[in-house]
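Student: Coordinates for the following, if possible.
(one chain, ligands or ions: 3)
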Amino acid sequence: MKIALLARNPNLYSHKRLIEAAEARGHQIDWLNTLRCTVHIASHKPEVYYDGEPCIGYDAVIPRIGASITNYGLAILRQFEMRGCWPLNESVAIGRSRDKLRSLQILAKHGLGLPLTAYANDPKKAEEIIRAVKGPPVVIKLLEGTQGIGVVLADSMSSAKSVIEAFRGANVNILVQEFIKEAGGTDIRALVIGGKVVAAMKRTGAPDDFRSNLHRGGSAQLIKITPEERSTAVRAAKRMGLNVCGVDMLRSNHGPVIMEVNSSPGLEGIEAATNKDIAGQIIEFIEKSAKIGATKTKGAG
Ligand SMILES: Nc1ncnc2c1ncn2[C@@H]1O[C@H](COP(=O)(O)OP(=O)(O)OP(=O)(O)O)[C@@H](O)[C@H]1O
Ligand SMILES: [Mg+2]
Ligand SMILES: [Mg+2]
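Tutor: Numbering: from 1, shown residues only. Ligands and ions are numbered 1, 2, ... in the order given. The predicted structure follows:
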């Protein structure tokens, strides 16, 4: 197969592993720097150019679009889809997953467990939404944050209100969430490929940090998840429409609650914690699934 890896940095662990795994299985994989791709829009002739040359003949594209270039990256991916190229995750599904509020709305609609979550535009409504999620304490987070940046725990009504006012004053969109204290600074990342959980790890934050992100100094360990956690992760992936994703959950007193679904999950932590060849499993999934024109949405919407 001829595969395009749409990513900015080919030297990231996850990207190196995908290239290695594809080549080991005899595929041609080309790294395309997302920002060097251009889109040419003309009636019935969708094209993507790379450094001025048309990108043709790709059976599959692996999108690894960083949060800072979501819109540009998704425009490029959509154009590949319109050409009939099969994407590992579709642009529409990635777009959904990038907005935490939109994701939670979709998951809640399908009855998946979530921390109580509220959203308001007007900082005067701060008290109302804090009470709506049974706080304080509450967790306040940026709608488009990653790596734990912009996720704040506020213990009291006054601190929660001032954090909300500060974010809203800077015109930043946030959501307010019930604090799942019993999770104890640990979360679960379940990696789903093609509707199955292929690996899971638990992440524990640095001492004194309620956030378990590895980027914030947390550590990862292999974990055996419960059947309920497994089915929650699988259902979340399905509802988001993602073939490959990392579903982040907390263990609450009322079962697993989903915090978010990541459409470009990092491979380093999970491969190290589980000793599994996740990159290889992703390439095998592409071998089974990639068909020209098989994209459900074909870039629509
Ligand atoms: N409602 C909550 N209750 C308890 N802990 C929480 C809650 N929300 C988030 N956390 C903790 O903070 C961490 C970061 O939150 P979240 O995953 O929502 O942010 P992020 O910035 O998107 O991180 P990522 O890099 O995983 O995308 C979580 O992994 C979890 O440990
Ligand atoms: Mg995230
Ligand atoms: Mg997270």
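Student: Skipping adjacent residues, who's closest to residue 164 in space?
Tutor: Once flanking residues are discounted, residue 164 sits nearest to residue 126: 4.3 Å by C-beta to C-beta, 6 or more residues apart in numbering. Yep, even glycine has a C-beta here, placed from its N, CA and C like the rest.
Student: Name the residues of the helix or strand that contains the one you found that come out as buried.
Tutor: Using DSSP states H and E, residue 126 sits in helix 126-132. Across helix 126-132, burial judged by 16 or more other C-beta atoms under 10 Å covers 126, 129, 130, 132.
Student: Can you name the residues that contact the last one?
Tutor: Shown in contact with residue 132 (C-beta atoms under 8 Å, 6 or more residues apart in numbering): 116, 118, 176.
Student: Tell me the one among the residues you listed nearest to ligand 2.
Tutor: Closest approach between these and ligand 2, by C-beta to the ion: residue 176, at 16.5 Å.
Student: where does that closest one fall, phi/psi-wise?
Tutor: Dihedral pair for residue 176: phi -120, psi 130, per degrees, to the nearest 10.
Student: And the residue nearest to residue 241 when sequence neighbours are not counted, how close does it get to ligand 1?
Tutor: Distances taken as C-beta to C-beta, 6+ apart place residue 93 nearest to residue 241, at 3.8 Å, with adjacent residues excluded. For residue 93, the distance to ligand 1 equals 16 Å [C-beta to the nearest ligand atom, to the nearest Å].
Student: Run a quick check on residue 93 versus residue 244, I expect a contact.
Tutor: No: between residue 93 and residue 244 there is no contact under C-beta atoms under 8 Å: 10.2 Å.
Student: Just give the number of residues close to the residue lying closest to residue 150 once chain neighbours are set aside.
Tutor: Using C-beta to C-beta, 6+ apart and skipping the chain neighbours, the partner closest in space to residue 150 is residue 142 (3.5 Å). By other C-beta atoms under 10 Å, the residues close to residue 142 number 16.
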